[in-house]
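Asker: Got a sequence here, can you model it:
(one chain, ligands or ions: 2)
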Amino acid sequence: MRSSVTPEHISHYRENGFVLVEDLLDQAEIAELSAAVAHGVAEMGDRKIVGGNDWKDGDSFYDNVFVQRLNLWKNEPVVKRYMLGAEIGAMASALAGVDALRVWHDQTLQKKPWANPTSWHLDTPYWSFDSRDALSIWIALDDVTMQNGCMYYLPGSNRLVNFENVGIGPNMGDLFNLYPALKTIEPVAVPMRAGSCAFHNGLTAHAAGPNMTPRWRRAMTCAYMPDGCTFNGKGNILTAEQIARLKIGDRLDDEQQNPLLDGAVSAAAR
Ligand SMILES: O=C(O)CCC(=O)C(=O)O
Ligand SMILES: [Fe+2]
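Answerer: Ligands and ions are numbered 1, 2, ... in the order given. So this is what the prediction gives:
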């Protein structure tokens, strides 16, 4: 498994708000992580979030964007080892330029055959903290092409937005009504082989195409936040009990919910 990024990756990420990092996983690692993700999804049944509330996949537009299951790391040691491990931790910290990262949530996003596209959106505005440095890794578990729903990014868009968002609805372009300044940015498509990955800042506008093929497009992703982020009042994936225990401004440092990545040391402990 790859465990570092190059100075070129870092400068590309800092300039554009995303970067492709090829060959994160070798063939055996792809198989191991894919099996753990499949096991985790199967175990969850109708639950969308490990530790969260029941959820039934329906037949709405959104249900047909992707199969979405969150926080597999809590049940699957292999998923935890990859997504919360020191290797991705070192890469994500170097890209973001922060000393220590915590997990916000992981999620597998699987476009089934003929799945709908993923409309343009931002990630951080969904989350329970405000940070301009939060980021996600998106790992291809299958070869991802222009045909089966590769990711697209708007370079530098993370510097032109705030924490307002549109949902991932049926209109591909709703985000541009909210942020007209993004209208002139040329998108970059990022197809990649299975085992490669991309990192994107949570404020970088991104989207994915439809899956036009009769095969699945499976990705494993994880969102990371700088250590020290505080609760902004948004519930996102937190349970009612977790929200009831939080006041706006409280640090999100519960090791059961938002652990530090392996090898990271909290500023509070330094
Ligand atoms: O996989 C997709 O279709 C969308 C991924 C995405 O929005 C994300 O990883 O934040
Ligand atoms: Fe996203």
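
Asker: Now do the buried residues in the helix or strand hosting residue 189.
Answerer: Here residue 189 sits within strand 188-190, counting by DSSP states H and E. Neighbour-count burial for strand 188-190, counted by 16 or more other CB atoms under 10 Å, picks out residue 190. Quick note: C-beta positions are derived from backbone N, CA and C, even for glycine.

Asker: at contact distance from ligand 1, anything in that strand?
Answerer: No: for a cut-off given as CB under 6 Å from any ligand atom, strand 188-190 has no contacts with ligand 1; the smallest distance is 11.0 Å.

Asker: other SSEs contacting that strand?
Answerer: strand 18-21, strand 151-153 (3 or more CB pairs under 8 Å, 6 or more residues apart in numbering; DSSP states H and E).

Asker: Could you check how far that strand is from the centre of its chain?
Answerer: Averaging C-alpha positions (CA atoms, centre = their mean, to the nearest Å) puts strand 188-190 16 Å from its chain's average.

Asker: Sheet partners, orientation included, of it?
Answerer: Using DSSP bridges, strand 188-190 pairs in its sheet with strand 151-153 (antiparallel).

Asker: residues making contact with the partner strand?
Answerer: By CB atoms under 8 Å, 6 or more residues apart in numbering, the list of residues contacting strand 151-153 from outside reads 16-18, 138, 144, 187-190, 198, 200, 204-209.

Asker: Quick check: what element follows that strand along the chain?
Answerer: Immediately after strand 151-153, counting by DSSP H and E, sits helix 174-178.

Asker: For that following helix, buried residues please.
Answerer: 174-176.

Asker: Just the CA trace of that helix, in CSV.
Answerer: This file holds the C-alpha atoms of helix 174-178, laid out as CSV (Å, rounded to 0.1, in the frame of the first residue of the first chain):
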residue,chain,number,x,y,z
ASP,A,174,-28.4,23.4,-9.0
LEU,A,175,-25.1,24.2,-7.4
PHE,A,176,-24.4,26.8,-10.1
ASN,A,177,-27.5,28.8,-9.1
LEU,A,178,-26.1,29.1,-5.6
